[in-house]
Every structure is written in C-alpha cells, then in structure tokens.
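Visitor: I need the structure of the sequence given here:
(one chain, ligands or ions: 1)
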Amino acid sequence: MAFELPPLPYPDTALEPAYSARTISFHHGKHHKAYVDNLNRLIAGTALEGKTLEEIIQLTVNDPGKAAIFNNAAQVWNHTFFWHSMKPGGGGQPSGPLAAQIVETFGSYEKFAEQFKAAAVGRFGSGWAWLVADGKALKIVTTPNAETPLTAGLRPLLTVDVWEHAYYLDYQNRRPDFVQAFLDQLVNWDFAAANWSK
Ligand code: MN3
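Guide: Numbers count the residues shown, from 1 in each chain. Next up, the predicted model:
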C-alpha cells in the first residue's frame with residue numbers, strides 16, 4: 001500500500017486570515033503531496049515498502065545512503081503533525097494539566113510564548129520548532145530541514161513549520177509575524193494537550 005496524502009483536518013479556508021487558502025493549497029496540495037509522492041517512488045520495490053512511516057523514519061535516520069528516503073518520510077510525518085497543530089479559532093492559552101505544566105516549566109504562558117517564538121525565529125534556514133515531552137518534562141526544541149524530535153526519543157506535542165514555503169505567500173520574509181500569528185490565532189492546544197496526556 002502506497003502512502004497517501006492525509007486530508008487536512010479542516011477546510012482549506014478555515015484558518016483565514018492568519019493562514020490563507022492560497023498558502024494551504026500550495027503547502028498541503030503541492031509541498032506535502034510531493035513528499036508523499038517522492039517517498040512512494042523511493043521505497044517502491046525496497047525492503048522499506050510496507051513499513052509504517054515511523055518505522056521508515058527510524059530505519060533511515062543518520063544513514064547517508066538513505067537520506068532522501070528519510071527526508072521525504074520525515075517531512076510527510078512533520079507536515080501531517082503540523083496541520084493538526086493548528087485549528088480554526090485556535091491560538092491563545094492552553095488549559096488543564098498542560099497549562100499547569102507550562103507554567104511550572106517556563107514560569108508563565110507568556111514566558112513560554114516568548115521562548116517558543118525566539119526558538120522558531122532563531123532556527124537558521126529551514127526547519128521546525130516544537131514543544132515536546134522529554135519523559136515528564138516539557139521542552140522547546142528546533143530541528144533543521146526534515147529532522148524530527150521522534151528520532152531523539154522525544155514526544156512531539158505541537159509544531160510550527162518555519163520553512164519559507166510555510167509562510168512566504170502570507171508573510172513574505174516576516175517569520176516573526178507568522179510565528180506570532182501561529183501562537184495568537186492558529187495553535188491547537190487541544191491537540192497538544194491530547195499528546196501530552198498520552
Ligand atoms: Mn512545509
């Protein structure tokens with residue numbers, strides 16, 4: 001069974017105006033789809049065909065001969081996770097046990113937001129910023145290019161894509177404005193809280 005592009009969890013207009021249907025049409029319909037198509041082409045007829053996405057990621061990480069497979073598999077996983085990290089009417093502060101843990105770890109939601117934004121803006125070049133669980137601890141980490149915290153044994157709670165293709169049509173070069181909009185208007189704390197309680 002070949003991998004398929006997972007459908008968006010909301011209509012492509014649902015995140016407007018913070019994230020336009022035009023951006024989603026390219027980001028999901030072209031970029032994310034290309035990673036799926038490339039992955040299927042690269043694993044066809046190999047021992048990796050039939051493995052899960054997570055298995056392929058773990059089996060190819062740090063293998064220079066399988067870098068293209070890793071990059072496409074990890075980008076498929078990361079993008080699917082990213083779409084779920086946003087929701088219509090999202091943004092603002094979390095509630096419940098995750099909110100309490102954020103206050104305990106970072107001092108306040110505002111301090112968390114400040115550190116998350118600094119990490120996302122400071123990721124040089126292409127990559128991702130993540131809130132992850134490291135055992136029972138919360139951490140903000142960034143990964144370059146296609147890399148994912150999964151391969152470091154970390155459990156992703158939410159992510160923001162900071163590749164230029166993620167925001168250029170709506171924000172041009174203004175990555176800080178995109179990350180601020182992600183925090184204020186897009187982030188899906190219900191998804192993060194569900195991941196935290198797993
Ligand atoms: Mn992307």
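Visitor: C-alpha only now, for contacts and for neighbours.
Guide: Will do.
Visitor: domain ranges for this protein?
Guide: 21-84, 96-196 (automatic domain parsing).
Visitor: Which stretch among those domains approaches residue 9 most closely?
Guide: In terms of CA to CA, the element of those nearest to residue 9 is domain 21-84, at 6.7 Å.
Visitor: gap between the two ends of the closest one?
Guide: 16 Å (CA to CA, to the nearest Å).
Visitor: and it, how far from the chain's centre?
Guide: Counting by CA atoms, centre = their mean, to the nearest Å, domain 21-84 is centred 13 Å from the centre of its parent chain.
Visitor: This protein: strands as residue ranges?
Guide: Secondary structure of the chain (DSSP state E): strands located at 127-134, 137-144, 155-161.
Visitor: Just say which of those is most tucked in.
Guide: Sort the strands of the chain by mean neighbour count, taking mean count of other CA atoms under 10 Å, and strand 155-161 sits at the top with a mean of 24.
Visitor: quick check: angle from the longest helix belonging to the chain to strand 155-161?
Guide: As assigned by DSSP state H, the longest helix anywhere in the chain is helix 67-84. The directions of helix 67-84 and strand 155-161 differ by 90 degrees, with axes from the mean of the first three to the mean of the last three CA atoms, to 10 degrees as the criterion.
Visitor: now helix 67-84 against strand 127-134, angle please.
Guide: Angle, helix 67-84 to strand 127-134, by the same axes, to 10 degrees: 70 degrees.
Visitor: helices or strands up against helix 67-84?
Guide: helix 33-43, helix 53-60, strand 155-161 (3 or more CA pairs under 8 Å, 6 or more residues apart in numbering; DSSP states H and E).
Visitor: how about JSON lines for the ones you listed, with mean pLDDT added?
Guide: Below are the helices and strands packed on helix 67-84 laid out as JSON lines (pLDDT from 0 to 100):
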{"stretch": "helix 33-43", "mean pLDDT": "98"}
{"stretch": "helix 53-60", "mean pLDDT": "98"}
{"stretch": "strand 155-161", "mean pLDDT": "98"}
